[in-house]
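# I'll drop the sequence and a predicted model, then ask my questions.
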Amino acid sequence: MKILELRASNVKNIKAVEIKTGGKAVTLTGKNGAGKSAVIDTILLALGGGKMSESIRNGETKAEAYIDLGEYQVKKVSTASGDRLEVKSGNMVAKSPQALLNNLLGQLTFDPLAYLGLDEKKQREILLKLIGVDLTDYEALRKVVFDERTVANREVKRLEGVLSELDVPHDNTPAEEMSAKKVMDELIVLQETARKHEESVFLDEQQTSNYEGHKERVEELIETLEHDLKTAQDELRGMVLPDRVLAPAVPDGAIEAKQLEATQVEGLNKIIRLANAYRGAKEDEVAAVKIADGLTDKINALDAKKEAALSTCEMPIGGLAVDEEGITMNGVRIKKLSTGEQIRVSVAIAMALNPKLKVILVREGSLLDEDGLKAIYELVEGKGYQLWIEKVDGSGECGVYIEAGEVKNG
């Protein structure tokens, strides 16, 4: 269904216009303020339920609009008291004219060029609504999980920093700290053992010396007292060198080693504490990584669920996709596409939004170069739609030329 004819008077800055299209594209040309935009506004006011009574031309008391859609004829008359809408189909008059029109209309207000000027989030929102996918709950949950993972990854980074600072041997370092008292007690035992050993050696030397002196005296007596030889010999034989009972010796360097250990025990304990801190931080890091990985798995599962939901929907044009930021076409962000590709995407969306009334309204056509204009005409006509586009052109040589609210040619 297309617009076959449009008549309007006293709408905004329109005096009187009559445009017969035969269902073909309409290019509205003229200087700024000539009434081109008012023609587009008339279509929207007549079909879309807007208050045309608020757009009566200054100095006039009544505005009228008539649109022939082929199957339906729409007439809207507005005065200061309000609007009167009539929709006919042959001789039949609709009882609920606006409801009938609402059923026919898609989003007639959707302007493909204006769509390209929207931010990516808004473009994404419009497309999702068009394909009937509501990602609100999914995105809210994903944000919660994403924020949780951000916190978890921050903790992993913090623990990695702690581990890098705890640059100490930890594999073979004992977990329990050493007791300084135990080391000192062991040192005292070693020192006491060494002292007793020295005393034993001294006593042994003294006993040996006494024995030698006594032997000399006995031998002298033997020489001088031959008659006491037997007695002296018996006495000598009766004398036995006492058994040498020495205290156990302390291994060489043991005391020095224990003294060194006593002086180093606090340093060793510091290393043990650092090693224990490293082990604890490593355990915390492993746990934090596990949490972060689990949250990543949740995000991937949510993304897979989103992709599954989107895969069942029919996009207005092949290659179009939705991500977190906006819209892509064959993997390229819509803002980075060529002008022709951008127009192709936006017009495809516009046509999908208007499946019954095959009319596309475009303002600011002057923003397009020759190639852009050609692309949009070909796309719309190729799909059997009707294009109404306004373009600043004061030459009066092309399109439906509007001047001072009236059609001057076309």
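The structure has been received and is ready for your questions. Numbering: from 1, shown residues only.

# Would you map the strands across the stretch 1-150 of the chain?
For the stretch 1-150 of the chain, the strands defined by DSSP state E, counting those that start in this stretch cover 5-9, 16-20, 26-30, 62-68, 73-79, 82-89, 92-93.

# Just give me the longest helix of the protein.
Looking across the chain with DSSP state H, the single longest helix is helix 254-311.

# ok now that one, how far from the chain's centre?
25 Å (CA atoms, centre = their mean, to the nearest Å).

# Do you know the pLDDT at the nearest residue to residue 114 once chain neighbours are set aside?
Distances taken as CB to CB, 6 or more residues apart in numbering place residue 363 nearest to residue 114, at 6.9 Å, with adjacent residues excluded. C-beta here means a position set from N, CA and C on the backbone, and glycine is covered the same way. You'll see residue 363 listed with a pLDDT of 81.

# so how many other residues sit close to residue 363?
Look at residue 363: counted by other CB atoms under 10 Å, it has 19 neighbours.

# measure it to residue 58 for me?
When distance is defined by CB to CB, to the nearest Å, residue 363 is 22 Å away from residue 58.

# Output stretch 378-388 as CSV - backbone C-alpha positions only.
Provided in CSV are the C-alpha atoms of stretch 378-388 (Å, rounded to 0.1, in the frame of the first residue of the first chain):
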residue,chain,number,x,y,z
GLU,A,378,17.3,1.9,-6.0
LEU,A,379,16.9,0.2,-2.6
VAL,A,380,13.4,1.5,-1.9
GLU,A,381,12.1,0.9,-5.4
GLY,A,382,13.8,-2.5,-5.7
LYS,A,383,11.7,-3.6,-2.7
GLY,A,384,8.5,-2.2,-4.0
TYR,A,385,8.4,0.7,-1.5
GLN,A,386,7.6,4.4,-2.1
LEU,A,387,10.1,7.1,-1.2
TRP,A,388,9.2,10.6,-0.1
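
# Sort out which residues of that stretch are buried, please.
Of all the residues in stretch 378-388, those buried under the rule 16 or more other CB atoms under 10 Å are 379, 380, 385, 386, 387, 388.

# Take those residues and write them to TSV, including secondary structure.
As requested, the buried residues of stretch 378-388 are exported to TSV (DSSP: H, G, I helix; E, B strand; the rest coil):
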residue	secondary structure
379	helix
380	helix
385	coil
386	strand
387	strand
388	strand
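
# between these, which is closest to residue 152?
residue 379 (47.7 Å; CB to CB).

# Surely that closest one and residue 346 touch.
No: contact between residue 379 and residue 346 fails when scored by CB atoms under 8 Å: they sit 9.5 Å apart.

# so what sits against both of the two?
Counting by CB atoms under 8 Å, 6 or more residues apart in numbering, no residue touches both residue 379 and residue 346.

# That'll do, ta.
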